[in-house]
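**Q** build me a model:
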Amino acid sequence: MAAASISRATLAVMVIIGLIVVQSQVGLAQGQGGGQSCSADLGNLNLCAPYVVPGATNTSPSQDCCAALQGVDQGN
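**A** Numbering: from 1, shown residues only. Sure, this is the predicted structure:
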């Protein structure tokens, strides 16, 4: 059980850090005229919330969540 808790916590921290990085890019993207796309990408990441919230029992992300993460623009 402890290993599963650590894994969930680690996954949650990784997603939170990822969201912070994406959020930090929002200002940059909006300044470059990409605000709508960025906002849509951030909204799509809500699909991943059920897998990373504390106490989540299902920690295997759905295909929709994976697609949302892959859909985040990694360009500068």
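**Q** in this structure, where is pLDDT below threshold?
**A** For the chain, applying pLDDT under 70 flags the ranges 1-6, 24-37, 73-76.
**Q** please redo it, this time with the cut-off set to 80
**A** The chain contains residues with pLDDT under 80 at 1-9, 11-14, 17-42, 71-76.
**Q** and the helices in it?
**A** With DSSP state H as the criterion, the chain has helices at 2-31, 35-44, 49-52, 63-70.
**Q** helices and strands around the shortest one, which ones?
**A** The reference is to helix 49-52. helix 2-31 (3 or more C-beta pairs under 8 Å, 6 or more residues apart in numbering; DSSP states H and E). C-beta: built from backbone N, CA, C; applies to glycine.
**Q** who's in contact with stretch 40-51?
**A** Applying C-beta atoms under 8 Å, 6 or more residues apart in numbering, the contact partners of stretch 40-51 are 11, 15, 19, 22-23, 26, 56, 58-62, 64-65, 68-69, 71-73.
**Q** of those residues, buried ones?
**A** When neighbours are counted using 16 or more other C-beta atoms under 10 Å, the contacts of stretch 40-51 contain these buried positions: 11, 15, 19, 22, 61, 65, 68-69, 72.
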